[in-house]
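> Just need the structure, nothing else, for what follows:
(4 chains)
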Number of protein chains: 2
Amino acid sequence: MTEQRQLTPRGRERRHQLMAYAAARFAEGGFHPTSVAEIVSGLGVGKGVFYWYFASKDQLFLEILKDAQQDLRRAQQHVIVDEPDPVRRIELGIRASMTWFAEHRDLVNLFQFAATEERFAPVLRRGQEVALADAVKHVKDGIVAGEIRDGEPEVLAHAILGVISHLVRELIHQRGESPEDVADAAVAFCLGGLR
Amino acid sequence: MTEQRQLTPRGRERRHQLMAYAAARFAEGGFHPTSVAEIVSGLGVGKGVFYWYFASKDQLFLEILKDAQQDLRRAQQHVIVDEPDPVRRIELGIRASMTWFAEHRDLVNLFQFAATEERFAPVLRRGQEVALADAVKHVKDGIVAGEIRDGEPEVLAHAILGVISHLVRELIHQRGESPEDVADAAVAFCLGGLR
DNA sequence: GTGGTTCTTGACCGGCCGGTCAAGTGGTCC
DNA sequence: GGACCACTTGACCGGCCGGTCAAGAACCAC
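Residues are numbered from 1 along each chain as shown, chains lettered A, B, ... in the order given. Below you'll find the predicted structure:
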């Protein structure tokens, strides 16, 4: 498969199955150590299935990445659509992100890996820039409204993203703490840092 | 080489050279895609040299990791030895960490990769726990002194580490901003978040 | 059934990779 | 010079890996 292929519903399901299973294996064993043979045999199908749906192992990974980013963004947007207060929008965004990350441990791991290889990093970066732009907008609104101290909005937004991703990995995934508690702490810390 | 080997000064230098060069290549091309053959040929030596100094590619990576963690810790400790005020100790720690990370871009990348593979993660975790314990101590002192709001010290410490690592990667390495400016912003954000 | 398309199989391939090792090389101490 | 030891060489090996492909199977439309 080199281009977009026309898929029947059955085909679309297989594709989904491959992506989900591959993501889980990549997260558990690492991208490189997990072979294509391992993925297909784990699913009980022949190797040809893999290359019917994806042009290469790399391309599969990229598509997993893109899908994940889209899904995260949707989760963030969905929760802040009609919240007028910028600071409250930031809080809701933090909570939504944490919930999503908590539920998608595998994908968090894949994001982290993607950042370490030059050929995957660009895709990751594009997604992050979108998330950042959203956050920056709310921070700017907050500054205008006088709820947030003056400062470089991009730096503040990045700081928030840093708190979220680190707390998710270390406290929720690593130490198994409850997403709600961690989100409370993250919100308190970030809002304090913004004022 | 399976155990510790007795090395002459000349040997110790070669070992260092291998670790430094390998770290650079791993950071640039990724751990798995960088072959042992690539490392030794880049240094203009035979493959036997590599396996004279290291038992395996994995072991080399682990030693790079350990060395880096030690060096970072030294940099952090060195700067706060005789600072009595806990909040000021935190500030100095943030600044020292940022400077170190800024100067060791390659190692930051390797840390990030190490977190994604089960066999490297434990070593990384041990180092992080040490850094965390240091930070926690200062936060606790700060709470006792009434300079920091009451809260779970470990969560606050983790939040600080998250801000540091994210800002280093995104602003200093990615966008090329000056470490001093970023450190100023990080300090302001974190101290705000603590109060 | 027939023909067409989508999907599946798994043996096979070339190539590279981590790791080994027998054969050196060169310095040092006597 | 010769014995010893730290170090170096690079051809070689077994194995696995990403990817191909000719040969079907399954489903659908008519």
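> can you pull the contacts of residue A:191?
A:87, A:90-91 (CB atoms under 8 Å, 6 or more residues apart in numbering or on different chains). For the C-beta atoms, the positions are set from N, CA and C on the backbone; glycine is no exception.
> just residue A:111 next, same as before
Counted by CB under 8 Å, 6+ apart, residue A:111 has contacts A:65, A:68, A:124.
> Looking at the contacts of residue A:191, which is nearest residue A:51?
Using CB to CB, residue A:90 comes nearest to residue A:51 of the contacts of residue A:191, at 44.2 Å.
> does the residue nearest in space to the middle of chain A belong to a helix or a strand, and which?
In chain A, the C-alpha nearest the mean C-alpha coordinate belongs to residue A:69, at 4.8 Å (CA atoms, centre = their mean). Per DSSP states H and E, residue A:69 falls inside helix A:57-80.
> Flag every buried residue along that helix.
Judged by neighbour count (16 or more other CB atoms under 10 Å in any protein chain shown), helix A:57-80 contains these buried residues: A:57, A:60-65, A:68-69, A:72, A:75-76, A:79-80.
> And for stretch A:176-188?
Result for stretch A:176-188 [16+ other CB under 10 Å]: buried residues A:177, A:179, A:182-188.
> Over to stretch A:130-146?
A:131-132, A:134-136, A:138-143.
> got the CA positions of that stretch in CSV?
Taking Å, rounded to 0.1, in the frame of the first residue of the first chain, the C-alpha atoms of stretch A:130-146 are listed here in CSV:
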residue,chain,number,x,y,z
VAL,A,130,-1.6,23.4,17.9
ALA,A,131,-2.1,22.5,21.6
LEU,A,132,0.3,25.3,22.5
ALA,A,133,-1.5,27.8,20.4
ASP,A,134,-4.8,27.0,22.1
ALA,A,135,-3.2,27.5,25.5
VAL,A,136,-1.5,30.7,24.5
LYS,A,137,-4.8,32.1,23.4
HIS,A,138,-6.3,31.6,26.8
VAL,A,139,-3.3,32.9,28.6
LYS,A,140,-3.4,36.1,26.5
ASP,A,141,-7.1,36.5,27.2
GLY,A,142,-6.4,36.0,30.9
ILE,A,143,-3.7,38.7,30.8
VAL,A,144,-6.1,41.1,29.1
ALA,A,145,-8.7,40.4,31.7
GLY,A,146,-6.2,41.1,34.4
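> what mean pLDDT does that stretch have?
Stretch A:130-146 carries an average pLDDT of 97.
> again, but for stretch A:86-103
Mean predicted confidence for stretch A:86-103 is 98.
> what does it rub up against?
A:71-72, A:75-76, A:78-80, A:83, A:108, A:134-135, A:138-139, A:141-142, A:145, A:147-148, A:160, A:164-165, A:167-168, A:172-173, A:179, A:182-183, A:186-187, A:190-191, A:194.
> can you narrow those residues to ones near DNA strand D?
Filtering the contacts of stretch A:86-103 for proximity to DNA strand D by CB under 7 Å from any atom of the strand leaves nothing.
> Tell me which of those fall in strands.
Among the contacts of stretch A:86-103, none falls in strands (DSSP state E).
> just checking, which of those belong to helices?
When DSSP state H defines the helices, the subset of the contacts of stretch A:86-103 inside them is A:71-72, A:75-76, A:78-80, A:108, A:134-135, A:138-139, A:141-142, A:160, A:164-165, A:167, A:179, A:182-183, A:186-187, A:190-191, A:194.
> and residue A:26, how many neighbours does it have?
24 (other CB atoms under 10 Å in any protein chain shown).
> Just the element for it, please.
With DSSP H and E as criterion, residue A:26 is part of helix A:9-29.
> what pLDDT does residue A:193 get?
Predicted confidence (pLDDT) for residue A:193: 97.
> Please apply the same query to residue A:1.
52.
> Worst mean pLDDT across the helices and strands of chain A, which element?
helix A:9-29 (a mean of 95; mean pLDDT, DSSP states H and E).
> right, quick check: it against DNA strand C, any contact?
Yes: under the criterion of CB under 7 Å from any atom of the strand, helix A:9-29 makes contact with DNA strand C via A:10-11, A:14.
> Count residues in the vicinity of the residue of chain A found nearest DNA strand C, would you?
Nearest to DNA strand C in chain A, going by CB to the nearest atom of the strand, is residue A:48, at a distance of 1.6 Å. Other residues lying near residue A:48 total 9 when counted by other CB under 10 Å.
> Phi and psi next, for the nearest residue to residue A:194 once chain neighbours are set aside.
Nearest residue to residue A:194 in three dimensions, chain neighbours excluded: residue A:148, at 4.6 Å (CB to CB, 6 or more residues apart in numbering or on different chains). Main-chain dihedrals, residue A:148, degrees, to the nearest 10: phi -130, psi 140.
> List the contacts of residue A:148.
A:86-87, A:139, A:142, A:156, A:194-195.
> Could you do residue A:145 as well?
A:85-87.
> Spell out which parts of chain A neighbour DNA strand C.
So far as CB under 7 Å from any atom of the strand goes, chain A lies against DNA strand C at A:5-8, A:10-11, A:14, A:44-49, A:51-52.
> farthest-separated two in those?
Across those (CB to CB), the longest gap, 25.2 Å, separates A:6 and A:44.
> Can I get the helix holding residue A:69 in CSV, CA atoms only?
What follows is helix A:57-80, C-alpha atoms only, in CSV (Å, rounded to 0.1, in the frame of the first residue of the first chain):
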residue,chain,number,x,y,z
LYS,A,57,6.3,0.1,9.9
ASP,A,58,7.2,3.8,10.1
GLN,A,59,4.1,4.9,8.4
LEU,A,60,2.0,2.9,10.8
PHE,A,61,3.7,4.6,13.6
LEU,A,62,3.1,8.0,12.1
GLU,A,63,-0.6,7.3,11.7
ILE,A,64,-1.0,6.1,15.3
LEU,A,65,0.7,9.4,16.3
LYS,A,66,-1.6,11.6,14.2
ASP,A,67,-4.7,9.8,15.3
ALA,A,68,-3.8,10.1,18.9
GLN,A,69,-3.1,13.8,18.6
GLN,A,70,-6.4,14.4,16.9
ASP,A,71,-8.2,12.5,19.6
LEU,A,72,-6.5,14.5,22.4
ARG,A,73,-7.3,17.8,20.7
ARG,A,74,-11.0,16.8,20.4
ALA,A,75,-11.1,15.9,24.1
GLN,A,76,-9.6,19.3,25.0
GLN,A,77,-11.8,21.3,22.7
HIS,A,78,-15.0,19.5,23.6
VAL,A,79,-14.7,20.5,27.2
ILE,A,80,-14.0,24.3,26.8
